[in-house]
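Engineer: Got a sequence here, can you model it:
(one chain, ligands or ions: 2)
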Amino acid sequence: METISLWCNARLATLQGGTWGLVDGAAMLVGGDSLLWVGPLAELPAQWRARTTAEHDLGGALVTPGLIDCHTHLVYGGQRAREFELRLQGASYEEIARAGGGIRSTVAATRAASNGALLAAARKRATALMAEGVTTIEIKSGYGLSLADEQRCLALARQLGRELPLAVRTTYLGAHALPPEFDGRADDYITAVCAWMPQLHALGLVDAVDAFCENIGFSPAQTRRVFEAARALGLPVKLHAEQLSNQGGAALAAEFGALSCDHLEHLDTAGIGAMRAAGSVAVLLPGAYYFLRETKMPPIAELRAQGVPMALASDHNPGSSPGLSLLLMLNMACTLFRMTPLEALQGVTLHAARALGLADRGTLAAGQRADFVAWDLDHPNELAYWFGHNPCRRVVVGGTERIR
Ligand code: NIG
Ligand code: FE
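Structural biologist: Ligands and ions are numbered 1, 2, ... in the order given. This next block holds a predicted model:
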């Protein structure tokens, strides 16, 4: 007989209906990896109660959906603390990149690292994110930049998802930077990126395709070629768009029905309109904004006014956002970007799920995956309020409690 567990004595923030969706004295019934029923315990139908085979007391804790980090670059070798020092002395992120540092230096370190070393480092990072209630994570490639190394990084990301109680979605970001062997031949490199895509997809390693459309990345025309290759395979696209300058990348991505456009500091009104029409999510990355000491904010008020869903992510990577706290991103989204605490939590739950094309998670409701977190907090607005503190008490992923 299937185990049906009752999780009771909780204060739920279901995030349904565009609000916190608070339910006191609540219970959730879990069967397999799904939520079967969610509501006040007093309203639990008798036939469900009768089928319950296990019971867990949440001790009155606040419970939210599991957190989703929908934009990370978790698999890489080395670190870039020296580059941080150079930036503090006045060098810009672009200057370092143009001088062959930046992403390229991480590509060299990643290529030189063994699978075991890459996996161990990525596992530590994933474990840090998980400790704060992250139950789903997206991991991009983009530090291999050869067929063999992109394949290795994507396969290691998949392996992490099998090893850890964590759902992993992979994104192929071959068009992240120009590898040294293609110097002066960016169009040829894009041809290679497009040729590798069906091979990586055939291996089951690609859930989505991303590119870095920027003056230090790839042009809109090159990005378009990557998106056309993705469309030919039926793969959804996302884009690192308008981070350092306005390239019209968001409108281009929207033309391809992008799941999301990410960063967006330099997004203009036309880009917002295109994203809105396409239903693309705006993934905001306050960690990169903070760490690169950017001063131009993404157009939050206009995104909000236009009803473009906003997600938040760590953008964990060694160059622009070496942080491993998604909760800190909630706080920064409010302090730096003036988002509301509700928007911040929606940004790492239902809107993050949408940025990954996942309809089965992000809220607490019957039929959703049983991914939830019990917090040592009274109200969900505290998730954006405290910082440098981890109130995560218990985590359930796919119906099973994660033992810490
Ligand atoms: O999302 N913008 C491009 N990619 C990363 C940074 C990569 C790096 O500096 O290593 C980002 O910020
Ligand atoms: Fe990124």
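
Engineer: Report the beta-bridge partner residues of A54.
Structural biologist: According to DSSP bridges, S5 are recorded as the beta-bridge partners of A54.

Engineer: quick one, what contacts it?
Structural biologist: Contacts for A54 (CB atoms under 8 Å, 6 or more residues apart in numbering) come out as T3, I4, S5, L6. In this view, the C-beta of every residue, glycine as well, is placed from N, C-alpha and C.

Engineer: how near is it to A46?
Structural biologist: 18 Å (CB to CB, to the nearest Å).

Engineer: With T400 instead?
Structural biologist: Relative to A46, T400 is positioned 27 Å away (CB to CB).

Engineer: Quick one: neighbours of G234, just the number.
Structural biologist: Residue crowding around G234 was assessed by other CB atoms under 10 Å; the count is 7.

Engineer: list the contacts for it?
Structural biologist: Applying CB under 8 Å, 6+ apart, no residues contact G234.

Engineer: On the pLDDT front, check it for me.
Structural biologist: Note on G234: pLDDT of 98.

Engineer: which SS state does the closest residue to ligand 1 within the chain fall under?
Structural biologist: The shortest separation between the chain and ligand 1 is 2.2 Å, found at G319 (distances taken as CB to the nearest ligand atom). Here G319 is recorded as coil under DSSP: H, G, I helix; E, B strand; the rest coil.

Engineer: So what does it look like in phi/psi?
Structural biologist: Note on G319: backbone dihedrals following degrees, to the nearest 10 are phi -100, psi -50.

Engineer: Chain neighbours aside, what residue packs nearest to it?
Structural biologist: Leaving aside its chain neighbours, G319 sits nearest to R80 (5.3 Å; criterion: CB to CB, 6 or more residues apart in numbering).

Engineer: my guess is the one you found contacts P318, does it?
Structural biologist: Yes. With contact defined as CB atoms under 8 Å, R80 counts as touching P318 (4.6 Å).

Engineer: anything in contact with each of these two?
Structural biologist: Common neighbours of R80 and P318, counting by CB under 8 Å, 6+ apart, are T106.

Engineer: where does P341 fall, phi/psi-wise?
Structural biologist: Backbone geometry at P341, expressed as degrees, to the nearest 10, gives phi -60, psi -30.

Engineer: So it sits against L377, correct?
Structural biologist: No. Because the distance of 11.6 Å does not satisfy CB under 8 Å, P341 is recorded as not touching L377.

Engineer: Now for those two: what residues contact both?
Structural biologist: What both P341 and L377 touch, as defined by CB under 8 Å, 6+ apart, is the set L383.

Engineer: contacting residues around G101?
Structural biologist: For G101, the contacting residues are R80, E83, L86, taking CB under 8 Å, 6+ apart as the criterion.

Engineer: check contacts around the residue nearest to I103 when sequence neighbours are not counted.
Structural biologist: Sequence neighbours aside, A177 is the residue nearest to I103 in space, at 4.0 Å (criterion: CB to CB, 6+ apart). For A177, the contacting residues are A97, G102, I103, R104, V107, G142, L145, F212, I216, G217, taking CB under 8 Å, 6+ apart as the criterion.

Engineer: measure the residue most central in space within the chain to G287 for me?
Structural biologist: Closest to where the C-alpha atoms of the chain average out (CA atoms, centre = their mean) is C70, at 1.3 Å. Taking CB to CB as the measure, C70 falls 13 Å from G287.

Engineer: Now list whatever residues contact both of these two.
Structural biologist: In contact with both C70 and G287: no residue, using CB under 8 Å, 6+ apart.

Engineer: quick one on the thing from earlier: if we check ligand 1, which of the contacts of G101 are in contact?
Structural biologist: Here nothing survives when those are matched to ligand 1 using CB under 6 Å from any ligand atom.

Engineer: Can you give the distance of stretch 385-394 from its chain's centre?
Structural biologist: Averaging C-alpha coordinates over stretch 385-394 and over its chain gives two centres that are 19 Å apart (CA atoms, centre = their mean, to the nearest Å).

Engineer: what about it, average pLDDT?
Structural biologist: Rounded to a whole number, the mean pLDDT of stretch 385-394 is 98.

Engineer: Could you do stretch 42-57 as well?
Structural biologist: In this model, stretch 42-57 has an average pLDDT of 95.

Engineer: So which residues on the chain come close to ligand 1?
Structural biologist: Counting by CB under 6 Å from any ligand atom, the residues of the chain lying close to ligand 1 are 102-103, 106, 212, 240, 243, 288, 315, 317-321.

Engineer: close enough to count as contact, R369 and S34?
Structural biologist: Yes. With contacts defined as CB under 8 Å, R369 counts as touching S34 at a distance of 6.1 Å.

Engineer: who has more neighbours, the two?
Structural biologist: Ranked by neighbour count (other CB under 10 Å), R369 and S34 place R369 first, with 24 against 16.

Engineer: The closest residue to the more buried one other than its chain neighbours: what's it in contact with?
Structural biologist: Taking CB to CB, 6+ apart as the measure, R369 lies nearest to R361, with 4.6 Å between them; neighbours along the chain are not counted. Contacts here follow CB under 8 Å, 6+ apart; on that basis R361 touches P65, G66, I68, T135, T136, A353, Q368, R369, D371.
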